[in-house]
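J.: Sequence and predicted structure are below.
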Amino acid sequence: MADFVRTGRCPVCLSCRLRKHRKGTFDYRALRADQIKITDSEYGKVWDLSRCEACGHLFADPAPAPEFVSALYGRVEDPLYDEEAEGRSRNFAVLLDRLESFLPRKGDLFDVGAATGIFCDLAKRRGWAVDGVEPSGWAVRFAAAKYGLRLREGSFEDASLPPGRFDAVTMIDFIEHTPRPREAIAAAGRILAPQGLLCLVTPDIHSLAARAAGRRWWHLRPGHLAYFSRRSLTTLLAGAGFRILETRRYAWTFSLYYLLSRPRLLNGLLRSRGLASFLRRVRIKLALGDSFEVYAVKDPSP
């Protein structure tokens, strides 16, 4: 099978009404694992993008084959991700608060793209029974060593999971990384119990921040194969039997050290241990409004 393919169809709604949207800005055939880790600094680099005339979805075209994506993410190592565990836990606590406001009890939760297990660990400490999947073997081993979690290693779309088992499924900055969004959302629907809840976070390329930043928008990165609009997200979820309960704007909390290290302009200055220690303690909340935070319920079959 070829590593990169053109299907001629939208991966969200299957329409053949496509048009070229933007020429890519990097050589995707030479893509490396370090370019797609969560803490990469490859801003402004995009695939060749096509736009679906039917639902407005933007996606990599040609897109990498699922086997290529799985193999590449399997080699990712990202120690810097867990160094921001405190700030990331603050972000995730807000998601759990909202999940718990919709559900009558804390039950079984499945996290897709679980990384080093920060979210799963927090949910477990709050009383959830947690499970999750992560393609990076390094991250799975890290989660076991630091948090005592037994995450599944591999791709979510291909995982063998019990149907109707989970009360909640979380996809936090995941759906934009897969060339198979329909399969991923359908898989979430299969493993959710009736009236189970899906929490999904993904960038909004039509947001004010994205438009203002233009080609420097921080979500334009090699790891992102797709960019959703409100219309294409609604189409994707409705096609798998989900009804959206609420759509919000997601915000992040990071240390000032992490934010200053992103452009790699101040890395020499940041080598000072005293300054680095101080900057790691300063927390900054970024409420840029450029990501969707969606809560959708799996409606029972009629």
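T.: Cool, got the structure.
J.: unless I'm mixing things up, residue 299 is touching residue 244, no?
T.: No - in this structure residue 299 lies outside contact range of residue 244 using CB atoms under 8 Å: 10.9 Å. For every residue, glycine as well, the C-beta is placed using N, CA and C.
J.: If you count surrounding residues, which of these two has more?
T.: residue 244 (16 against 13; other CB atoms under 10 Å).
J.: show me where the stretch 1-150 of the chain has strands.
T.: In the stretch 1-150 of the chain, the strands defined using DSSP state E, counting those that start in this stretch lie at 4-5, 18-22, 49-52, 58-60, 63-64, 108-112, 129-134.
J.: For residue 181, find the nearest of these.
T.: Evaluated with CB to CB, these place strand 58-60 nearest to residue 181, the distance being 8.4 Å.
J.: Distance to residue 195 added to the strands of the stretch 1-150 of the chain, as TSV?
T.: Converted to TSV, those look like this (distance: least, CB to CB, whole Å):
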stretch	distance to residue 195
strand 4-5	37
strand 18-22	36
strand 49-52	30
strand 58-60	31
strand 63-64	33
strand 108-112	13
strand 129-134	17
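J.: For residue 187, which of these is the nearest?
T.: Comparing the strands of the stretch 1-150 of the chain by their distance to residue 187 (CB to CB), the top pick is strand 108-112, with 8.5 Å.
J.: what about dumping the CA coordinates of the closest one to PDB?
T.: Only the C-alpha atoms of strand 108-112 are listed here, as PDB (Å, rounded to 0.1, in the frame of the first residue of the first chain):
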ATOM      1  CA  ASP A 108     -16.100   4.200  32.900                       C
ATOM      2  CA  LEU A 109     -14.100   6.700  30.800                       C
ATOM      3  CA  PHE A 110     -12.000   6.000  27.700                       C
ATOM      4  CA  ASP A 111      -9.300   8.500  26.600                       C
ATOM      5  CA  VAL A 112      -8.300   8.500  22.900                       C
END
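J.: Tell me the helices and strands packed up against it.
T.: helix 118-125, strand 129-134, strand 166-172, helix 181-191 (3 or more CB pairs under 8 Å, 6 or more residues apart in numbering; DSSP states H and E).
J.: between the second one and helix 118-125, how big is the angle?
T.: Read that as strand 129-134. Strand 129-134 and helix 118-125 meet at an angle of 170 degrees, taking axes from the mean of the first three to the mean of the last three CA atoms, to 10 degrees as the criterion.
J.: Tell me which other helices or strands strand 129-134 touches.
T.: strand 108-112, helix 118-125, strand 152-153.
J.: do that again at 6 Å, thanks
T.: If you count contacts as 3 or more CB pairs under 6 Å, 6 or more residues apart in numbering; DSSP states H and E, strand 129-134 packs onto strand 108-112, helix 118-125.
J.: on that earlier part again, would you format the helices and strands packed on strand 108-112 as CSV with distance to residue 64 and mean pLDDT included?
T.: Shown next, in CSV, are the helices and strands packed on strand 108-112 (distance: least, CB to CB, whole Å; pLDDT from 0 to 100):
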stretch, distance to residue 64, mean pLDDT
helix 118-125, 26, 98
strand 129-134, 18, 98
strand 166-172, 19, 98
helix 181-191, 14, 97
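J.: and these, which is most packed in?
T.: Of all those, strand 166-172 has the most neighbours on average by mean count of other CB atoms under 10 Å, namely a mean of 25.
J.: Please put the alpha-carbon coordinates of it into CSV.
T.: Backbone C-alpha positions of strand 166-172 (Å, rounded to 0.1, in the frame of the first residue of the first chain) are rendered in CSV as follows:
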residue,chain,number,x,y,z
PHE,A,166,-18.0,3.3,28.5
ASP,A,167,-20.0,6.2,30.0
ALA,A,168,-17.6,8.8,28.5
VAL,A,169,-15.1,9.0,25.7
THR,A,170,-12.6,11.9,25.4
MET,A,171,-10.8,13.0,22.3
ILE,A,172,-8.6,15.9,23.3
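J.: what lines up beside it in the sheet?
T.: strand 108-112 (parallel), strand 192-203 (parallel) (DSSP bridges).
J.: Quick check: mean pLDDT of the first one?
T.: Right, the one you point to is strand 108-112. Averaged over strand 108-112, pLDDT sits at 98.
J.: go on, the longest one?
T.: Strand 192-203 comes out with an average pLDDT of 96.
J.: tell me the angle of it relative to helix 181-191?
T.: Using the same axes, to 10 degrees: strand 192-203 against helix 181-191 is 150 degrees.
J.: chain center to the helix or strand just after strand 192-203, what's the gap?
T.: Counting by DSSP states H and E, the next helix or strand C-terminal to strand 192-203 is helix 208-213. Relative to the centre of its chain, helix 208-213 is centred 20 Å away, using CA atoms, centre = their mean, to the nearest Å.
J.: Please list the outside residues in contact with helix 208-213.
T.: Defining contact as CB atoms under 6 Å, 6 or more residues apart in numbering, one finds that helix 208-213 is touched by 217, 288, 290.
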